[in-house]
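Peer 1: Show me how the following folds:
(one chain, ligands or ions: 2)
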Amino acid sequence: MIQILDSTLREGEQTPGVYFSPATKLAIAQFLDLVGVDIIEVGNPVVDREIALAITQIANAGLKAKIGAHCLCRIDDVNQALDCGVNFLGIFFSVSQQRLQQDYNIGLESAIEKIVEVITYARKQKDNLLIRYTPEDTVRSPLENVIEAAIAALKAGANIISIADTTGYTTPFHPIRSLYNYVKTLKEELAKQELYPQIEVHCHNDRGLALANALDAYRAGVNIIDVTVMGLGERAGIVDLAELLINLIDTVEEKHCWELSYLQELYDLVSKHSHISIFPHHPVIGKNAFTHYAGIHVNAVAKDEALYQSLNPEILGTKSSLALGIQSGYTAIELALQQIGRSELIKDKELVANILFKIKEIAKRGTPINIEKELPAIVESCAITKMITK
Ligand code: HCA
Ligand code: CU
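Peer 2: Numbers count the residues shown, from 1 in each chain. Ligands and ions are numbered 1, 2, ... in the order given. Sure, this is the predicted structure:
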């Protein structure tokens, strides 16, 4: 069964301007657990004392998900992570000659020695620890280096190899640069060594292809996919949790345990604390995701919602809705009147026509019309005008 690693608290907090306090992190983690993600990556304890505190609190909160820390390939960092009580540890280190030379002034062999030393050490500290090794910027690093480092990491005790598309470089259907190819090749190369680890993907969205690439990797049999709420993260962020789940529920063969009805509250919480609003047309979660507007659409969905909906809003614990504006027709006004408990007015065709005319006028202000709050007054003013003109 495909597993989801949520990194809202780690990668997501790498969104410029975003800060989640330990209490907020715990609340977000609790919602992620209710949604049913498998692993919650909380952060790198070396970055700040508060992050170490948040990891410790979440690791002790009795959640079903595995709780993870993220750290560089250093014994000290591993110790700090393990002190937080995690059962998942992500260790990352580059295998690109250029990067190793520029940043650390070492070659590949020394890098691999370091990776082996640190992973062997981590494994000795905790038997049941899940250890992930990520060759940073995996997909742009020489494949032979990735394979050599992955084999060494696995032999030293790592359980998972993550393919990081750190710069959003891959693209589906490309003969070479696709994650489908990458996952297949890595699995085949490791199988030659009789190594069958779990494979994870971490897809950045620089080209707007993070979700497409993640699904491409899924098609190739990847085991774990990284996501964040709202797709938060460095630069253009990574895969969005809700968008991935809504695509996987139709695809996974086994019965899944994701509880999508918690997504809205989770997204509202993250939006509030990140001070980043959810755009209205955001798939699944946006306020317009199940709202019908133009006359032709509203007419059709009044008969059968499936005519303009391939998703059932009930799985998200929500219902479809109606918007009023310049695109509206008579049916929308009738439905809106029903919504505010004034269905007795529907038979007055002249009044309905006047309300529609007025709605189209108001719509020119260019902001949404709130049916509950604004329609009653619009109805009254149209009724009065009608009385006066008679
Ligand atoms: C980072 C880079 C990273 C790491 C992913 C991983 C990436 O911000 O440290 O350790 O699995 O995109 O490569 O997020
Ligand atoms: Cu990343």
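
Peer 1: okay, CA-based contacts and neighbour counts for the rest of this
Peer 2: OK.

Peer 1: Report the closest residue of the stretch 251-390 of the chain relative to ligand 1.
Peer 2: Going by CA to the nearest ligand atom, ligand 1 is nearest to residue 274 of the stretch 251-390 of the chain, at 17.9 Å.

Peer 1: Report pLDDT for that residue.
Peer 2: In this model, residue 274 is scored at 98, pLDDT.

Peer 1: I'd like the distance between it and residue 13.
Peer 2: Using CA to CA, to the nearest Å, we find residue 274 at a distance of 9 Å from residue 13.

Peer 1: Can you work out which residues contact both of those two?
Peer 2: Common neighbours of residue 274 and residue 13, using CA atoms under 8 Å, 6 or more residues apart in numbering, are 19, 20.

Peer 1: and the stretch 51-200 of the chain, which residues reach ligand 1?
Peer 2: The stretch 51-200 of the chain comes close to ligand 1 at residues 90, 92, 134, 136, 137, 162, 164, 166, as judged by CA under 6 Å from any ligand atom.

Peer 1: Go ahead and confirm the second one touches residue 71.
Peer 2: Yes: under the criterion of CA atoms under 8 Å, residue 92 is in contact with residue 71, at a separation of 6.6 Å.

Peer 1: Spell out, range by range, the strands that occur in this structure.
Peer 2: 3-6, 39-43, 66-72, 88-92, 130-134, 160-165, 198-203, 224-227, 291-292, 321-322 (DSSP state E).

Peer 1: picking that back up, hang on, the residue of the stretch 251-390 of the chain closest to ligand 1 packs against residue 19?
Peer 2: Yes: counting by CA under 8 Å, residue 19 is a contact partner of residue 274 at 6.7 Å.

Peer 1: Identify the residues contacting stretch 113-132?
Peer 2: Counting by CA under 8 Å, 6+ apart, residues outside stretch 113-132 touching it are 73-75, 78, 86-91, 93, 149, 152-153, 156-162.

Peer 1: As TSV, the strands of the chain with mean pLDDT and mean neighbour count would be great.
Peer 2: What follows is those, written out as TSV (pLDDT from 0 to 100; neighbours: other CA atoms under 10 Å):
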stretch	mean pLDDT	mean neighbour count
strand 3-6	98	22
strand 39-43	98	27
strand 66-72	97	25
strand 88-92	98	24
strand 130-134	98	24
strand 160-165	98	25
strand 198-203	98	24
strand 224-227	98	28
strand 291-292	98	20
strand 321-322	97	18
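
Peer 1: mind checking which of those is nearest residue 253?
Peer 2: Closest approach to residue 253 among the strands of the chain (CA to CA): strand 3-6, 13.4 Å.

Peer 1: what does the closest one contact?
Peer 2: In contact with strand 3-6 (CA under 8 Å, 6+ apart) are residues 32, 37-41, 223-229, 241.

Peer 1: For it, which strands pair with it and how are they oriented?
Peer 2: strand 39-43 (parallel), strand 224-227 (parallel) (DSSP bridges).

Peer 1: Columns distance to residue 374 on top of those strands, output as CSV?
Peer 2: Shown next, in CSV, are these (distance: least, CA to CA, whole Å):
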stretch, distance to residue 374
strand 39-43, 43
strand 224-227, 39
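
Peer 1: out of those strands, nearest to residue 378?
Peer 2: strand 224-227 (44.2 Å).

Peer 1: Establish whether that closest one and ligand 1 are in contact.
Peer 2: No: legend: contact between strand 224-227 and ligand 1 by CA under 6 Å from any ligand atom is lacking; minimum distance shown is 8.5 Å.

Peer 1: Run the chain-centre distance for that strand.
Peer 2: Here the centre of strand 224-227 is set off from its chain's centre by 9 Å, with CA atoms, centre = their mean, to the nearest Å.

Peer 1: Mind listing residues that contact that strand?
Peer 2: 2-8, 198-203, 214, 238-241, 244.

Peer 1: what about 6 Å?
Peer 2: Residues from elsewhere that reach strand 224-227, judged by CA atoms under 6 Å, 6 or more residues apart in numbering: 2, 3, 4, 5, 6, 200, 201, 202, 239, 240, 241.

Peer 1: returning to that earlier point: just flag the most distant two among the contacts of strand 3-6.
Peer 2: Among the contacts of strand 3-6, 223 and 229 lie farthest apart (CA to CA), at 19.7 Å.

Peer 1: Those two: which is more packed in?
Peer 2: residue 229 (26 against 18; other CA atoms under 10 Å).

Peer 1: right, and that one touches residue 241 too?
Peer 2: Yes: using CA atoms under 6 Å, residue 229 is in contact with residue 241, at 5.4 Å.

Peer 1: returning to that earlier point: tell me which of the residues of the stretch 51-200 of the chain next to ligand 1 is nearest to ligand 1?
Peer 2: Nearest member of these to ligand 1, counting by CA to the nearest ligand atom, is residue 166, at 3.7 Å.

Peer 1: and the closest one, how many neighbours does it have?
Peer 2: Residue 166 has 21 neighbouring residues, counting by other CA under 10 Å.

Peer 1: returning to that earlier point: hmm, residue 20 and the residue of the stretch 251-390 of the chain closest to ligand 1 touching each other?
Peer 2: No: the pair residue 274 / residue 20 is not scored as a contact, 7.2 Å apart, by CA under 6 Å.

Peer 1: Buried ones in stretch 287-302, by neighbour count?
Peer 2: 288, 289, 290, 291, 292, 293, 294, 295, 297, 298, 299, 301 (16 or more other CA atoms under 10 Å).

Peer 1: which residue ranges form the helices in the stretch 51-200 of the chain?
Peer 2: 75-83, 97-99, 108-125, 143-156, 179-192 (DSSP state H, counting those that start in this stretch).

Peer 1: hang on, I meant the stretch 251-390 of the chain
Peer 2: With DSSP H, counting those that start in this stretch as the criterion, the stretch 251-390 of the chain has helices spanning 263-274, 295-303, 330-339, 349-363, 371-389.

Peer 1: Compare the ones you listed and say which comes out lowest on pLDDT.
Peer 2: What stands lowest among the helices of the stretch 251-390 of the chain, in mean pLDDT terms, is helix 371-389, with a mean of 91.
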